[in-house]
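>>> Sequence and predicted structure, then a few things I'm wondering about:
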Amino acid sequence: MTKTGFIFDLDGVIVDTAKYHFLAWRNLANELGFEFTEEQNELFKGVSRKRCLEILLDIGKVEANQEQFDRWMVEKNIDYLQYIEKMNASEILPDVPRVLEFLKEKQIPIALGSASKNARPILEKVQLLHYFDFIVDGNNVTKAKPDPEVFLIAAKKLSVHPENCVVFEDAVAGIQAANAAKMLSIGIGDSTILSEAEYNFKDFTEMDTRFLEQLINR
Ligand code: BG6
Ligand code: MG
């Protein structure tokens, strides 16, 4: 049997941090004098912090010099950190611990593949860090999703061939990144938005043990 590796995205797959990213971006938008809606926040999922600010400034039609751009990136993150500071295990998305526990029992290697530079402190806060053999996050990549870099680095760390890796993702850019890496992409969330995924689940409560076993033995 070939060894299978599992790679989890963080924001929107393990924890619902999209709401905190939204609040922090909205605070910045309001400060700069324009509105930012939850609908527009959809565009930010899976996307790097730098790219998010570029999109935000486009939305508000705000011009920025390098100094302002850098300052707003820092400002947004300081604000975001205040929200995640209060996070605890109650914010883990449904059945994530069940799936991690199942994989761990089967001794399946697990990595995180996230665009966030805050991944490690968030996993610590929700007490899930110990499940991950490797963390690959925004601090380790030069190219953002949909580029496959983050997942290819994770596969290398897991010592698993990319084609034998399974990726759980909630963002279109993340599904595209997994597909580009030739990994099996599994969409967690709205299947109409994540239609490019190989399989779709609303959340992990819909994913039974038999399906997980199939993934391991495929
Ligand atoms: C992704 C989120 O996981 O991380 C994006 O889906 C976010 O919305 C990106 O912009 C970067 O996160 P951070 O924590 O480094 O600002
Ligand atoms: Mg995500």
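Received it, and whenever you're ready, just let me know what you need. Ligands and ions are numbered 1, 2, ... in the order given.
>>> Now do T2, the pLDDT please.
As predicted, T2 sits at a pLDDT of 63.
>>> Quick one: the helices in this structure, in order.
Here the chain has its helices, by DSSP state H, at 18-31, 38-41, 49-60, 66-85, 96-105, 119-125, 149-158, 172-180, 209-217.
>>> what residues does the protein put near ligand 2?
Residues of the chain lying close to ligand 2 (Cβ under 5 Å from the ion) are 9, 11-12, 46, 170-171. The C-beta positions use only the backbone N, C-alpha and C, and glycine is treated the same way.
>>> Can you tell me which of those residues is closest to D79?
Nearest to D79 among the residues of the chain next to ligand 2, counting by Cβ to Cβ, is D11 at 15.8 Å.
>>> Could you give the number of residues near the closest one?
23 (other Cβ atoms under 10 Å).
>>> likewise A181?
Neighbour tally, A181, other Cβ under 10 Å: 24.
>>> Tell me how this protein divides into domains.
Domain ranges of the chain: 5-16+91-217, 18-84, per automatic domain parsing.
>>> can you tell if stretch 154-167 touches ligand 1?
No - applying Cβ under 6 Å from any ligand atom, one finds stretch 154-167 separated from ligand 1 by no less than 13.3 Å.
>>> deepest of the domains of the chain, which one?
Among the domains of the chain, domain 5-16+91-217 has the highest mean neighbour count (mean count of other Cβ atoms under 10 Å), at a mean of 19.
>>> What is the least confident helix or strand in the chain?
helix 38-41 (a mean of 93; mean pLDDT, DSSP states H and E).
>>> Any figure for the gap between I92 and F8?
Per Cβ to Cβ, to the nearest Å, I92 is found 12 Å from F8.
>>> shared neighbours, those two?
Here I92 and F8 share the contacting residues I14, scored by Cβ atoms under 8 Å, 6 or more residues apart in numbering.
>>> Could you measure from M183 over to I122?
On the measure of Cβ to Cβ, M183 and I122 end up 23 Å apart.
>>> do L81 as well
Taking Cβ to Cβ, one finds L81 at 10 Å from I122.
>>> any weak-confidence spans in this structure?
Within the chain, the ranges that satisfy pLDDT under 70 run 1-2.
>>> And the residue of it closest to ligand 2?
G12 (3.7 Å; Cβ to the ion).
>>> So for that residue, what's the nearest residue that isn't a sequence neighbour?
Of all residues not flanking G12 in the chain, D170 sits nearest, at 3.4 Å (Cβ to Cβ, 6 or more residues apart in numbering).
>>> I'd say that neighbour and V15 touch.
No - look at D170 against V15 with Cβ atoms under 8 Å: they stay out of range, at 10.7 Å.
>>> All good on my end, thank you.
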